[in-house]
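K.L.:
Following is a predicted model, sequence given first.
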Amino acid sequence: MSLLKIENLTAEVDGKPILKGIDLEINAGEVHVIMGPNGSGKSTLSNVLAGKSDYDVTGGTVTYDGKNLLDMAPEDRACEGLFLAFQYPVELPGVANTTFLKHALNARRKYVGEPELDALEFVKAVRKKARDLNMPDDMLKRPVNVGFSGGEKKRNEMLQMAVLEPKLAILDETDSGLDIDALKLVAEGVNALRNPDRAFLIITHFQRVLDYIVPDQVHVLSGGRIVKTGDKSLATELEKTGYADYTGEAAA
Amino acid sequence: MTGILQDLLRQRGASGRFEAEEALPTRKAEQWKYTDLMRLEKIGWSLWLAEDSHGVTRLPTVLPGLEKTIDIVIVNGFLDRDLSDLDHLPAGLSVEAGPAAEAWGDDFTDRLSDALTQEEICIRVDAGKTIEPVVHLHHVTWGADDEAAIAHAARVVITVAEGGEACIVESHAQVQGRGFSVPSLGISLEKGARLGLYSALLDSAGSAQIGLADIGLADGAVLDSFLLTLGEGLTRRETRLTMAGERAEATVAGAYVGSGDALIDNTTFVTHIAENAVSRQFFRGVVGDRSRGVFQGKVLVREGAQGTDGQQQHKALLLSREAEIDAKPELEIYADDVQCAHGATVGTLDEDQLFYLRARGISEADARALLTRSFLAEAVEKIGRTAVRDVFQAVLTARLGGVTE
C-alpha cells in the first residue's frame, strides 16, 4: 500500500504557480530521490507536504497513510510521522536542543497515546544517537542551531530524524554544503533507519549522495512537473548530461 | 476640584512637597509621556495610616520554592514585627523601622513618595559580613474586603557597608483588596559591597504601583538586579542608578509580561560619574491583549567618567494587535573614552521559528509559549543567584500559560 500518494498537485507562492501537476507515489520501505535544477519546485514540494502556510495549494490531492494530508495542521502531520529535514534549519535562541527534542518527541507520544518519556532515559537515548552522528554532547545543551555551522545544522536535522523515527522522512537538500565525511554520516543515518515500514523522499541537487544511499526510484522535477522517472542509473545519466534536456522540455 | 494628591495629603494631615493645586502629571510631561495616570483618579483611595490595623495572619506564597529566607513583612507600607523574622537575624544584619527622611530627588515620584511615606525601614549589612540566607521583603496590600482601595507607601533603605554582601528579594502582591502603592528603595553600596536585588512585581488588576529605586555604588561595588513585572494593573518602576565609584559594576535586568489592560513601565536612569564603571541594562518584555509596555532608559556619562562601559538593551514582543510598546532609549555622553551602546527592538513571534516547531509536532499554542518563554528566559538568565533564577523562571513560566492572543 502506498504511504504517500500525490495526484495532480498544483501550488503557488504569492500568486505565482510553482507546482504544475505533481504525481508521485511512494510505498513504505522505499527510498525515492527527486532531482532537479534550481527553481524547479523542489523546495516548494517539500514545504507543501510539511504544511507551510506561505504556499497555496491550488489543486490536486495528497494522501498520506490513508489520510488527506492537506487537511492536517503541520503539527498533526509531524505527529502522524511525517518529517521534513529543512534545507535551512531555523535557529531557536533560548531553546536548548534537548528541550526541543523532548518537546517534539513527547508531543508525538502524546498524540499516539503513549506516556511521556522519563527524562533520564531520554537524555541517554539522545546522547547515543548524537554520538552516532559525531555530534559532541555540548551541541545538545546549546540552543537549537544557534552558532552551528551549516554542516552542524544539517547533522542536527538528522539527529531529530533519528530521535523522532518518522514514517516518511523528506530530506530537503540535506546533502548541500556538507563535506564528504558529513555526507557519509547523513547517509549512514538514513541507511540505519531504512526499514520496511519507513520511506524516504530525498530532494537533492547533486548525484553524489547516491554514492552512499541506493534509491528505489529517481525522479526529475522540472518546471513544476515530474518529467522523468527511472532507477539509480537515471541519476548517473543526469550527472553526465546535466538538466539541460529537461529544462528545455519543460519550457517547450 | 481638588485631585487625588490633595485628597491623600488631607487624609494624612500633612502638607507635602506639592503645589496647592498640583495634579498628577499628564502625558504632556516628558517623563510620563507613555504612562497615563488618569486611571488612578476615579478611585477613592484610602491612605493607610499608622494607627490602622490589618488582618494579615499568613503570608501568601508568591515565590514558591524560594530557598530558606529571612522574611521581612511590610503590610500597607508598615513593617509588621510579628510576621517578620526580626528575632533571628544573623550577625551583621540589622532591620529597624523609624520615621522617614526625605527622598532622594525632586521629581514627581520622589515627592509622591515623600507625601505618602510614613515609615522608613532600614536594613544594614555590616562591613565585611556576608549574609548567606536570602532576605525576602514581602510587600503586601491588605484591605478590609475585596472592594477596598488602599493607598500606601513603604520606604526601605538598604546599606551594604564596605565589603559586605547580601541577596535581597522583594515581592509585591495583594492579599485582599487593591492597592495604590508607592514603594521606594534607597540603596547604598559602599566600597566593594555586593548586592543581589531581585524584585517580583505581581500586583493584581485594578492596582497601581509607582515605585522608585535610587541606588548608589561606591568603588568596586557590584549590583546584580532583576525586575520581574507581571503586574496586571499599572506598574511603574523607576530605577535610578549612580555609578559613583570606580570600577563599580551594575546589572539592571528585567522581564515583563503584560496581559489584560496592564501597563508596565520600566524607567531607568543610569549616571556614570566615576571612571571605569560598567552598567548593563537588559530588558525583555511581551505584551498581549490590550496591555502596554513602556521602556524609558537613559544612560548619562558625565564629564570625567572615562572608561565607562554602559550597555542598554530592550527587546519586546507584541502578542496581539491591540497591545502596544513604547520604547525610548537615550544616551547622553560627555566623556570621550567610553563604550556605550543601546538597542531597542519590537517585533512579533517569528513565523519561521513557529513553523519549525510545529513541523516537529509541537502544537501552535505550545510553540508560541515555548518561543515566548525562551525570549524572556534570556533576561532571566542574567540573575546571578541560581536558586532565585530558578524560582523567578518558574513563576514566569506559570504565568505565561495565561497569556492570550
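P.N.:
Nice, thanks for sending it over.
K.L.:
Now residue B:128: closest residue in space, sequence neighbours ignored.
P.N.:
residue B:163 (4.5 Å; Cβ to Cβ, 6 or more residues apart in numbering or on different chains). C-beta here means a position set from N, CA and C on the backbone, and glycine is covered the same way.
K.L.:
correction: residue B:324
P.N.:
Closest residue to residue B:324 apart from its sequence neighbours, by Cβ to Cβ, 6+ apart: residue B:292 at 4.5 Å.
K.L.:
And for the one you found, the neighbour number?
P.N.:
Using other Cβ atoms under 10 Å in any protein chain shown, residue B:292 is surrounded by 21 other residues.
K.L.:
likewise the one 10 residues further on?
P.N.:
Residue B:302: 15 surrounding residues under other Cβ under 10 Å.
K.L.:
Could you pull up the contacting residues of it?
P.N.:
B:271, B:272, B:273, B:334, B:335 (Cβ atoms under 8 Å, 6 or more residues apart in numbering or on different chains).
K.L.:
give me the number of residues near the third one?
P.N.:
Taking other Cβ under 10 Å as the criterion, the count of residues near residue B:273 is 20.
K.L.:
before we move on, the earlier item: identify the bridge partners of the residue nearest to residue B:324.
P.N.:
residue B:263, residue B:324 (DSSP bridges).
K.L.:
gap between it and residue B:39?
P.N.:
Residue B:292 is 12 Å from residue B:39, where distance means Cβ to Cβ, to the nearest Å.
K.L.:
Quote the end-to-end distance of stretch A:165-183.
P.N.:
End-to-end distance for stretch A:165-183, by Cα to Cα, to the nearest Å: 20 Å.
K.L.:
ok, that stretch near chain B or not?
P.N.:
No - Stretch A:165-183 lies out of reach of chain B by Cβ under 8 Å from any Cβ of the partner chain, never closer than 9.9 Å.
K.L.:
what comes up buried for that stretch?
P.N.:
A:166-176, A:178, A:182-183 (16 or more other Cβ atoms under 10 Å in any protein chain shown).
K.L.:
Helices of the stretch 101-250 of chain A, residue ranges please.
P.N.:
A:119-132, A:138-141, A:150-164, A:180-193, A:232-241, A:244-251 (DSSP state H, counting those that start in this stretch).
K.L.:
Among those helices, show me which one is buried the most.
P.N.:
helix A:150-164 (a mean of 22; mean count of other Cβ atoms under 10 Å in any protein chain shown).
K.L.:
Doesn't residue B:8 belong to a helix?
P.N.:
Yes - counting by DSSP: H, G, I helix; E, B strand; the rest coil, residue B:8 is found in a helix.
K.L.:
Which strand residues bridge the nearest residue to it once chain neighbours are set aside?
P.N.:
Distances taken as Cβ to Cβ, 6+ apart place residue B:47 nearest to residue B:8, at 5.1 Å, with adjacent residues excluded. Residues in a beta bridge with residue B:47, per DSSP bridges, are residue B:151.
K.L.:
What residue in the stretch 301-405 of chain B comes nearest to chain A?
P.N.:
At 3.1 Å from chain A, residue B:374 is the closest residue in the stretch 301-405 of chain B, using Cβ to the nearest Cβ.
K.L.:
I'd assumed residue A:100 was in contact with that residue.
P.N.:
No - taking contacts as Cβ atoms under 8 Å, residue B:374 lies outside contact range of residue A:100: 9.7 Å.
K.L.:
more crowded one of these two?
P.N.:
More crowded of residue B:374 and residue A:100, by other Cβ under 10 Å: residue A:100, with 23 against 19.
K.L.:
ok, the helix or strand the more buried one falls within near chain B or not?
P.N.:
Secondary structure from DSSP states H and E places residue A:100 in helix A:97-111. Yes - Helix A:97-111 is in contact with chain B by Cβ under 8 Å from any Cβ, via A:100, A:103, A:104, A:107, A:108, A:111.
K.L.:
quick one: contacts for residue A:187?
P.N.:
Residue A:187 sits next to A:209, A:212, A:213 when contact means Cβ under 8 Å, 6+ apart.
K.L.:
Only the buried members of those: can you turn that into a ChimeraX selection?
P.N.:
This is how ChimeraX selects the buried members of the contacts of residue A:187, with burial counted by 16+ other Cβ under 10 Å:
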select /A:209,212,213
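K.L.:
need the contacts of residue A:187 in TSV with pLDDT, can you?
P.N.:
As requested, the contacts of residue A:187 are exported to TSV (pLDDT from 0 to 100):
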residue	pLDDT
A:209	89
A:212	93
A:213	94
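K.L.:
so which strand or helix has residue B:270?
P.N.:
Judged by DSSP H and E, residue B:270 forms part of strand B:263-272.
K.L.:
Dump that strand to CSV, keeping only the CA atoms.
P.N.:
As requested, C-alpha coordinates have been extracted for strand B:263-272 and formatted as CSV (Å, rounded to 0.1, in the frame of the first residue of the first chain):
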residue,chain,number,x,y,z
LEU,B,263,0.5,48.9,31.8
ILE,B,264,4.1,48.1,32.7
ASP,B,265,6.6,50.9,32.7
ASN,B,266,10.3,50.4,33.3
THR,B,267,12.1,53.7,33.5
THR,B,268,15.8,53.7,34.2
PHE,B,269,18.3,56.5,34.6
VAL,B,270,22.0,55.4,34.9
THR,B,271,24.5,58.1,35.7
HIS,B,272,28.2,57.4,35.3
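K.L.:
Pull up the gap between residue B:231 and chain A, please.
P.N.:
23 Å (Cβ to the nearest Cβ, to the nearest Å).
K.L.:
Hmm, that residue is touching residue B:211, no?
P.N.:
No - the criterion here is Cβ under 8 Å, and residue B:231 misses it with residue B:211 at 10.1 Å.
K.L.:
Find the residues that touch each one of the two.
P.N.:
B:172, B:201.
K.L.:
before we move on, the earlier item: need the contact list for the residue nearest to residue B:324.
P.N.:
By Cβ under 8 Å, 6+ apart, the neighbours of residue B:292 are B:34, B:258, B:262, B:263, B:264, B:323, B:324, B:325, B:326.
K.L.:
in the strand or helix carrying residue B:159, what's buried?
P.N.:
Residue B:159 belongs to strand B:155-160 when elements are defined using DSSP H and E. Buried residues in strand B:155-160, defined by neighbour count with 16+ other Cβ under 10 Å: B:155, B:156, B:157, B:158, B:159, B:160.
K.L.:
just how off-centre is the following helix or strand past it within its chain?
P.N.:
Downstream of strand B:155-160, the next assigned helix or strand under DSSP H and E is strand B:165-176. The chain centre lies 10 Å from the centre of strand B:165-176; the measure is Cα atoms, centre = their mean, to the nearest Å.
K.L.:
Which elements pack onto strand B:165-176?
P.N.:
strand B:120-125, strand B:134-142, strand B:155-160, strand B:194-201 (3 or more Cβ pairs under 8 Å, 6 or more residues apart in numbering or on different chains; DSSP states H and E).
K.L.:
residues in the stretch 1-150 of chain A within reach of chain B, list them.
P.N.:
Proximity of the stretch 1-150 of chain A to chain B, by Cβ under 8 Å from any Cβ, involves residues A:50-53, A:73-75, A:77-79, A:84, A:86, A:89-95, A:100, A:103-104, A:107-108, A:111, A:143.
K.L.:
Could I have the buried ones of those as ChimeraX selection syntax?
P.N.:
Filtering the residues of the stretch 1-150 of chain A next to chain B down to the buried ones (16+ other Cβ under 10 Å) takes a single ChimeraX command:
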select /A:50,51,52,74,75,77,78,79,84,86,89,90,91,92,94,95,100,103,104,107,108,111,143
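K.L.:
List only those of the contacts of residue B:302 flagged as buried.
P.N.:
B:271, B:272, B:273, B:335.
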